[in-house]
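**Student:** sequence and computational prediction follow.
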2 protein chains.
Amino acid sequence: MAKVIVYEEPSLEEAKKIVKNALSRKKNIYILANCSVDYFGRSSSHLEFGERLIIIKSDGALLIHRPVGHSPVNWQPETSYIDVSYDSEEEVLVMKALRTRPREVVAIKLDNIFLIVEAELYDSGAFYMHISEKEIRDILATNPEILGEKLTTIDVEKKVEPGFIDLYLKDKKGNVVVVEIKRLTARVDAVRQLKKYINSLKSHMRTEKIRGIIVAPSITKKAQELLLKEKLEFKQINIEALSKYVGKTEKRSLFDYLK
Amino acid sequence: MAKVIVYEEPSLEEAKKIVKNALSRKKNIYILANCSVDYFGRSSSHLEFGERLIIIKSDGALLIHRPVGHSPVNWQPETSYIDVSYDSEEEVLVMKALRTRPREVVAIKLDNIFLIVEAELYDSGAFYMHISEKEIRDILATNPEILGEKLTTIDVEKKVEPGFIDLYLKDKKGNVVVVEIKRLTARVDAVRQLKKYINSLKSHMRTEKIRGIIVAPSITKKAQELLLKEKLEFKQINIEALSKYVGKTEKRSLFDYLK
DNA sequence: CGTGCCAGGTGCCTT
DNA sequence: AAGGCACTTGGCACG
């Protein structure tokens, strides 16, 4: 059961103690404060003072969220070190989140703190995501008949010069079949990708006929046109129907990786 | 100055009133609760019960953050509508965040609420990001001599069949110069991109010599090799040095776009 | 570690 | 709506 401690309107000196203490005990910290943010690393940015939510997670992840917009305005994943100090000159609390690889710093200056929440959260719930392109690929590799004809899987993620062929099969006539899978609507770039793979294969093995199939739940008109022009094929798949195969290949909990 | 109201351990029925009221007045809402999350839309996912932070912003953005990891486990940008109801069957508070384009739903079931914070935050601080690829491109377009020779800018973002050429110049001998800019280390894909553009140009204008230059602060070994093989060039730029040109083209605050 | 590629990518612009 | 592409993209797998 979660332990939550709320500090309303602490002074900057109090806040420094609270945050340092919470950090040392690996708590989650949520701060509502007027602050400015500077970032320097792969890029650099400056955010003028304003009222925001600062999140520091138990693994050191740092996020600064403005009152609007779903993405954080500044952030730092897996901070190796968070330094908290009081700058008596500017009269601000300075929190610096450092990361070593890549070398980046997020520095927050807080001049007015409305709320600090220190929380110990218990969260071991598994997260299941259905269904990735990889899963579709694995299902089709083991069950190529889903594509509506007798096919034999030769290779998965076959390396060719321009990249990787999702599925490399042979049909019952012995033709090579190259499959490009899209989990969502296939667009022209998917068709171009498929064409590139086929061209690459053709340059190495001239004689045989090579078929190319786009496998996706739907396809855009432009992609359809290019498909026709290039004499390639489209096979519609039903993601819902494929879902029942999930687990027969493998189903994993992402949380295992989050430790 | 921010208005912050804290509700500690409200009942589910109380929470329903608090959240509905806060939503109607477009407040920022932060909830610490034991909850499960289901997402259905472009993909679908299920997150088992656990203790998390739920953020609802004044523009309807919704985020669910676990105690670790810098990215939200589930989210909904610009929710068109958030429905809050009490399910007496399961004894949970249900919050459904709907989005119409694309059609997606995030449904949160809360069975134990530790804290609700309602906040009205004032944040009009401008956000400045330095320095984007676009800025580098604009600086080089107006000051092509930075590349170390006499060049004339003919076009910016010139459309060719495979995409857009960052900079299209001519050198003092009248040769066409195609420039591909990378803000960070240039990789092989950058060289391939450049080669594609040149090939496309060559197919339209056979006679002239076309030079290709990768412009970046650094380049990977593999990219360097391909560059040599393709007889293309690399021009190193110093991002720090370019920074002083920022503002001479244009400097904009991202906040203008956030409304 | 670099290279390649998917992601509920997001965000921005242009057609 | 769709294409094209940058992004502090993040994330995983593989050599």
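**Tutor:** Now that the structure is in, tell me what you want to look at.

**Student:** flag every buried residue along the lengthiest helix in chain A.
**Tutor:** In chain A, taking DSSP state H as the definition, the longest helix is helix A:188-204. Neighbour counts using 16 or more other Cβ atoms under 10 Å in any protein chain shown place A:188, A:190-191, A:193-198, A:201 of helix A:188-204 among the buried residues. For glycine as for every other residue, the C-beta is placed from the backbone atoms N, C-alpha and C.

**Student:** start to end distance for stretch A:152-169?
**Tutor:** Chord length of stretch A:152-169, first to last residue, is 5 Å (Cα to Cα, to the nearest Å).

**Student:** so it, near chain B or not?
**Tutor:** No - residues of stretch A:152-169 contacting chain B under Cβ under 8 Å from any Cβ of the partner chain: none, with a closest distance of 8.7 Å.

**Student:** what does the longest helix of chain A rub up against?
**Tutor:** Defining contact as Cβ atoms under 8 Å, 6 or more residues apart in numbering or on different chains, one finds that helix A:188-204 is touched by A:160-163, A:165, A:176, A:178, A:180, A:182, A:210, A:212-214, A:216, A:220, A:222-223, A:226-227, A:230, A:232.

**Student:** how about the helices in chain A?
**Tutor:** With DSSP H as the criterion, chain A has helices spanning A:12-24, A:133-142, A:188-204, A:221-229, A:239-243, A:255-258.

**Student:** just the ones you listed: most buried one?
**Tutor:** helix A:133-142 (a mean of 19; mean count of other Cβ atoms under 10 Å in any protein chain shown).

**Student:** pLDDT at the residue lying closest to residue A:143 once chain neighbours are set aside, what is it?
**Tutor:** Of all residues not flanking residue A:143 in the chain, residue A:245 sits nearest, at 6.5 Å (Cβ to Cβ, 6 or more residues apart in numbering or on different chains). For residue A:245, the pLDDT comes out at 77.

**Student:** from chain B, how far out is residue A:245?
**Tutor:** Distance of residue A:245 to chain B, computed by Cβ to the nearest Cβ, to the nearest Å: 15 Å.

**Student:** direction included, what does the top strand by length along chain A pair against?
**Tutor:** Ranked by residue count, the top strand of chain A under DSSP state E comes out as strand A:104-120. Using DSSP bridges, the strands paired with strand A:104-120 in its sheet are strand A:3-8 (antiparallel), strand A:28-40 (antiparallel), strand A:92-99 (antiparallel).

**Student:** show me what counts as buried in that strand.
**Tutor:** A:104-110, A:112-120.

**Student:** ok so, going back, out of the buried residues of helix A:188-204, which comes closest to DNA strand C?
**Tutor:** Each of the buried residues of helix A:188-204 was checked against DNA strand C using Cβ to the nearest atom of the strand; the closest is residue A:193, at 7.4 Å.

**Student:** against residue A:199, how distant is that closest one?
**Tutor:** 11 Å (Cβ to Cβ, to the nearest Å).

**Student:** swap in residue A:116?
**Tutor:** 60 Å.

**Student:** and what of residue A:170?
**Tutor:** Per Cβ to Cβ, residue A:170 is found 19 Å from residue A:199.

**Student:** residues from chain A in reach of DNA strand C?
**Tutor:** When proximity is defined by Cβ under 7 Å from any atom of the strand, chain A lies next to DNA strand C at A:69-71, A:101, A:129, A:132-134, A:162-164, A:183-184.

**Student:** ok so, going back, between the longest helix of chain A and helix A:221-229, how many degrees?
**Tutor:** 20 degrees (axes from the mean of the first three to the mean of the last three Cα atoms, to 10 degrees).

**Student:** just the CA atoms of helix A:188-204, as CSV, please.
**Tutor:** Provided in CSV are the C-alpha atoms of helix A:188-204 (Å, rounded to 0.1, in the frame of the first residue of the first chain):
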residue,chain,number,x,y,z
VAL,A,188,3.6,3.9,-50.5
ASP,A,189,6.8,3.7,-48.6
ALA,A,190,6.0,0.1,-47.7
VAL,A,191,5.6,-0.7,-51.4
ARG,A,192,8.8,1.1,-52.3
GLN,A,193,10.6,-0.9,-49.5
LEU,A,194,9.2,-4.2,-50.9
LYS,A,195,10.3,-3.2,-54.4
LYS,A,196,13.8,-2.4,-53.1
TYR,A,197,14.2,-5.9,-51.5
ILE,A,198,13.0,-7.6,-54.7
ASN,A,199,15.4,-5.6,-56.9
SER,A,200,18.2,-6.5,-54.6
LEU,A,201,17.3,-10.2,-54.8
LYS,A,202,16.9,-10.0,-58.6
SER,A,203,20.4,-8.6,-58.9
HIS,A,204,21.8,-11.6,-57.2
